[in-house]
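Student: pasted the sequence and its predicted model underneath.
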Amino acid sequence: MFLETHTFFANLSWILLIIILVSRPLAEITKNKILFRVLRYRKQLGVICGLAAIVHVLFFLLGSGLAGIYFLDAEFWSLQNFYGWGSLAVVAMLFPLLTSNNFSLHFFGKYWKKIQRGTYLVFIATAIHIAMVKDEWFEVMGPVLIWLFLWTWAELRRRKRFKV
């Protein structure tokens, strides 16, 4: 039961992360009204994404009997394996997740957006984690490359260096 459940929450978190990160540059490039509506709910989608990731980790650890040793074993923090990349993603995800609220927005002021940009690290670490788990780099890095392309295109347009 734990294995199927943890996989469901892992997939949900990954799909939401892709939607959250691709929606902004795609909306800016296409000027699509539906995508701009999606942007209004990115904070809520981010919270669901983060909670799904936490549930994924908890169910994985409980289902595999690793819950008691997770924080104590160096293997779970080594970037030589998928555990380390998953751990990095979870730790990096905690900061944007815990500050995805109006109180934090006002409390951190101009630094709030920098904290939220930690999601980029979460995205890359999660992609590497999934690629190592599945041993399928192209399939997983595809969304990262698409996001990177769209983000660069939108950033260049925003800076008026590139017109389409």
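Tutor: Looks like it arrived, so ask away.
Student: of all the helix elements in this structure, which one is longest?
Tutor: Identified as the longest helix of the chain according to DSSP state H is helix 2-30.
Student: tell me what the helix or strand that that helix is followed by is packed against?
Tutor: For helix 2-30, the succeeding helix or strand toward the C-terminus, using DSSP states H and E, is helix 33-39. Packing partners of helix 33-39 (3 or more C-beta pairs under 8 Å, 6 or more residues apart in numbering; DSSP states H and E): helix 2-30. For glycine as for every other residue, the C-beta is placed from the backbone atoms N, C-alpha and C.
Student: pLDDT (mean, whole number) over the helix it packs on?
Tutor: Averaged over helix 2-30, pLDDT sits at 91.
Student: could you do stretch 150-161 as well?
Tutor: 86.
Student: how far is it from where the chain is centred?
Tutor: What separates the centre of stretch 150-161 from the centre of its chain is 21 Å, taken as C-alpha atoms, centre = their mean, to the nearest Å.
Student: residues contacting the closest residue to Ala154 other than its chain neighbours?
Tutor: Once flanking residues are discounted, Ala154 sits nearest to Pro25: 3.6 Å by C-beta to C-beta, 6 or more residues apart in numbering. By C-beta atoms under 8 Å, 6 or more residues apart in numbering, Pro25 lies in contact with Trp147, Leu150, Trp151, Trp153, Ala154, Glu155.
Student: helix or strand: which one has the last one?
Tutor: Using DSSP H and E, Glu155 sits within helix 137-158.
Student: which of the three states applies to Leu79?
Tutor: Leu79 carries the three-state label coil when classified by DSSP: H, G, I helix; E, B strand; the rest coil.
Student: residues touching the residue lying closest to it once chain neighbours are set aside, list them.
Tutor: Nearest residue to Leu79, sequence neighbours excluded (C-beta to C-beta, 6+ apart): Trp85, at 6.2 Å. Counting by C-beta under 8 Å, 6+ apart, Trp85 makes contact with Leu79, Ala125, Thr126, Ile128, His129, Met132.
Student: hmm, 7 Å instead?
Tutor: Contacts for Trp85 (C-beta atoms under 7 Å, 6 or more residues apart in numbering) come out as Leu79, Ala125, Ile128, His129, Met132.
Student: I'd like the average pLDDT over whichever strand or helix holds the second one.
Tutor: Right, the one you point to is Ala125. Using DSSP H and E, Ala125 sits in helix 118-134. The pLDDT scores in helix 118-134 average 94.
Student: so how far is that helix from its chain's centroid?
Tutor: 7 Å.
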